[in-house]
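Trainee: prediction below, plus the sequence it came from.
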Amino acid sequence: MIKVLFVCLGNICRSPLAEAIFRKMVEEKGLTNKISCDSCGTADWHIGQTSDSRTLANAAQNGMKIRHLGRQLAEEDFSSFDFILAMDESNYDDILDLKDQIGADHDRIFKMREFESGSPAPDVPDPYFGGKDGFQRVFDILWRCNQHFLDYLVKEHQLQHV
């Protein structure tokens, strides 16, 4: 089983949406017995809370439901997940800092937009302080990145679609 972890700051906007999108794509390809995913935040502000109401509305508008409670990145995530995908440079640096602090041996930590071909921007923007349009923009970015990431996993691990 390939395990993927999506990471943002508070685990209420970008990473739970990335998780929901990826889970839907994995289900549609019939790969749920080969790939699983989760999400978390680098900060502890929203542990145990549901996702931001605007994220939930955006997910519903795009045909999916988020069933996730916020949690913080933990030491055991480095041994539990095969791939860790950060939403932005700050999250990426925080992940690497924790990795170094605990001496984890993990070499599959990426920025989410590394999987968006031709992307001029390194970060998935945080829509928290913006309006409704920002949430749809983030959804569109995450959709594209997840499509490319899933294609990468299928090719790298020679997974068979159903």
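Mentor: Ah, there it is.
Trainee: elements contacting the longest helix seen in the chain?
Mentor: For the chain, the longest helix by residue count, based on DSSP state H, is helix 132-156. If you count contacts as 3 or more Cβ pairs under 8 Å, 6 or more residues apart in numbering; DSSP states H and E, helix 132-156 packs onto strand 2-8, helix 14-28, helix 53-61. Quick note: C-beta positions are derived from backbone N, CA and C, even for glycine.
Trainee: mind doing that once more with 7 Å?
Mentor: Contacts defined by 3 or more Cβ pairs under 7 Å, 6 or more residues apart in numbering; DSSP states H and E place helix 132-156 against helix 14-28, helix 53-61.
Trainee: quick one: closest of these to Ser119.
Mentor: The closest of the helices and strands packed on helix 132-156 to Ser119 is helix 14-28. By Cβ to Cβ, the value is 14.8 Å.
Trainee: tally of neighbours for Asp133?
Mentor: For Asp133, the count of nearby residues is 9 (other Cβ atoms under 10 Å).
Trainee: meant to ask about Glu76, not that
Mentor: 10.
Trainee: now do Ser117
Mentor: Ser117 has 9 neighbouring residues, counting by other Cβ under 10 Å.
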